[in-house]
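Participant: got a predicted structure plus its sequence, pasted below:
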Amino acid sequence: MTEATSVNVEQQIHALVGDIHKLPTPPLVFTQISRVIDNEDASAYDVAGIIAEDPAMSAQVLKLANSAYYGLAHPVPHVKQAVIVLGMNEVKNVVLAASAISAFRKSSADREYQDEFWRHSLAVAVGARMLLRTFQAKKILEAETAFSAGLLHDLGKMVVFSYAPEEHQKIQQYLQETGGPDCRAEREILGLDHCQIGAYLAQHWKLPADITSAISYHHTPQESAETGAYDAIVHVADVLAHRAFGSSGEEDNSSEVLQVGCLERLRIPPDDFGRLTVMVVEEYTRSETFLHMAS
Ligand SMILES: [Fe+2]
Ligand SMILES: [Fe+2]
């Protein structure tokens, strides 16, 4: 995004939500943990110390660590041990997920849309992680980053839903009457789409560039820079999730088609697509605990 474009997007988002400061604040614990982990001398104790400052986050990390999701043989009694057992990067991932989900969980409006939104987001998260582990094992990409990028890829839709409910309704109506893709409906009503809005929020939260890029380009990975390593993974995971579970609450996602060259770029044999769809459903079923973590 050029500087001029990003200023324009900021103005449009400002017009949309009224006051930019109304947007959820950056997940502070996540930012602090990221900073600590970047330091080579960081220890699990440092990370645990940050989480311990936030009692609600401590409870969520413990709840997840002791859930069926990890299937640990012995219960984890405190946060320090959770960090040691799960690893610092996995805990960072848990904290980001919990922060993002709870930042938008305040509204009681249209619970069904929200639940469907997070179910789709989780399906893309587990799909992205599965694709990375299956096909990208030799590359230096992180499964945790793929998961976070997948979980947050449609975050822009949540901004519209939570902060511009009238426009959200108009978009839903447009989709019902005219069909997808979502981005076209959003551009028609708002002048910008959920990829731009989500990327703006990700920058505001100072999330890693890889995650911001995947949010920006998950529908157009062919337009991303070479460095956008997770863009194509999240794009393919998005298509897989739509095939596995149907639409994400919108009437027509038939336009959710694979962009040319993505499978080749990720070295995924086209014949594997049916098998991968089944695998996404299996991974999702194992991971559903994630959605209960912030409630
Ligand atoms: Fe999307
Ligand atoms: Fe999506």
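Facilitator: Looks like it arrived, so ask away. Numbers count the residues shown, from 1 in each chain. Ligands and ions are numbered 1, 2, ... in the order given.

Participant: for ligand 2, what's the nearest residue on the stretch 51-200 of the chain?
Facilitator: Relative to ligand 2, the nearest point of the stretch 51-200 of the chain is D154 (4.4 Å; C-beta to the ion). No exception for glycine: its C-beta is placed from N, CA and C like everyone else's.

Participant: show me the contacts for that residue.
Facilitator: 117, 120-121, 124, 194, 198, 218, 248 (C-beta atoms under 8 Å, 6 or more residues apart in numbering).

Participant: and H78, by the same measure?
Facilitator: Contacts of H78 (C-beta under 8 Å, 6+ apart): 48, 62.

Participant: separation between it and S224?
Facilitator: H78 sits 41 Å away from S224, going by C-beta to C-beta, to the nearest Å.

Participant: sorry, back to before: in strands, which of the contacts of D154 appear?
Facilitator: Under the assignment DSSP state E, those contribute nothing to strands.

Participant: possible to save these as TSV with pLDDT?
Facilitator: Shown next, in TSV, are the contacts of D154 (pLDDT from 0 to 100):
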residue	pLDDT
F117	92
H120	94
S121	93
V124	95
H194	96
G198	95
H218	95
S248	48
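
Participant: still on that earlier bit, let me see the backbone angles for the residue of the stretch 51-200 of the chain closest to ligand 2.
Facilitator: D154 adopts backbone torsions of phi -100, psi 20, taken as degrees, to the nearest 10.

Participant: interface residues of this structure facing ligand 2?
Facilitator: Contact residues, the chain versus ligand 2 (C-beta under 5 Å from the ion): 154, 238.

Participant: pull the longest helix from the chain.
Facilitator: helix 111-135 (DSSP state H).

Participant: buried ones in the following helix or strand past it?
Facilitator: Going down the chain from helix 111-135, the next helix or strand is helix 143-152, by DSSP states H and E. For helix 143-152, a neighbour-count test (16 or more other C-beta atoms under 10 Å) marks 143-152 as buried.

Participant: same deal with stretch 30-48?
Facilitator: 30-34, 36, 44, 46-48.

Participant: between the residues you listed, which is closest to ligand 2?
Facilitator: Nearest to ligand 2 among the buried residues of stretch 30-48, counting by C-beta to the ion, is F30 at 21.7 Å.

Participant: shaky segments in the stretch 51-200 of the chain?
Facilitator: 106-108, 137-140 (pLDDT under 70).

Participant: need the contact list for the residue lying closest to E90 once chain neighbours are set aside.
Facilitator: Nearest residue to E90 in three dimensions, chain neighbours excluded: E144, at 5.9 Å (C-beta to C-beta, 6 or more residues apart in numbering). Residues near E144 by C-beta under 8 Å, 6+ apart: 89-90, 92-93, 129.

Participant: send me stretch 89-106 as PDB with only the CA atoms.
Facilitator: The C-alpha coordinates for stretch 89-106 follow below in PDB (Å, rounded to 0.1, in the frame of the first residue of the first chain):
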ATOM      1  CA  ASN A  89       5.400 -19.000  20.200                       C
ATOM      2  CA  GLU A  90       2.400 -21.100  20.700                       C
ATOM      3  CA  VAL A  91       1.500 -19.100  23.800                       C
ATOM      4  CA  LYS A  92       2.000 -15.900  21.800                       C
ATOM      5  CA  ASN A  93      -0.500 -17.300  19.200                       C
ATOM      6  CA  VAL A  94      -3.000 -18.200  21.900                       C
ATOM      7  CA  VAL A  95      -2.800 -14.600  23.300                       C
ATOM      8  CA  LEU A  96      -3.300 -13.000  19.900                       C
ATOM      9  CA  ALA A  97      -6.300 -15.200  19.200                       C
ATOM     10  CA  ALA A  98      -7.900 -14.600  22.600                       C
ATOM     11  CA  SER A  99      -7.200 -10.800  22.300                       C
ATOM     12  CA  ALA A 100      -8.800 -10.600  18.800                       C
ATOM     13  CA  ILE A 101     -11.800 -12.700  19.700                       C
ATOM     14  CA  SER A 102     -12.600 -10.900  22.900                       C
ATOM     15  CA  ALA A 103     -12.000  -7.400  21.300                       C
ATOM     16  CA  PHE A 104     -15.000  -8.000  19.200                       C
ATOM     17  CA  ARG A 105     -17.100 -10.200  21.500                       C
ATOM     18  CA  LYS A 106     -18.600  -7.200  23.400                       C
END
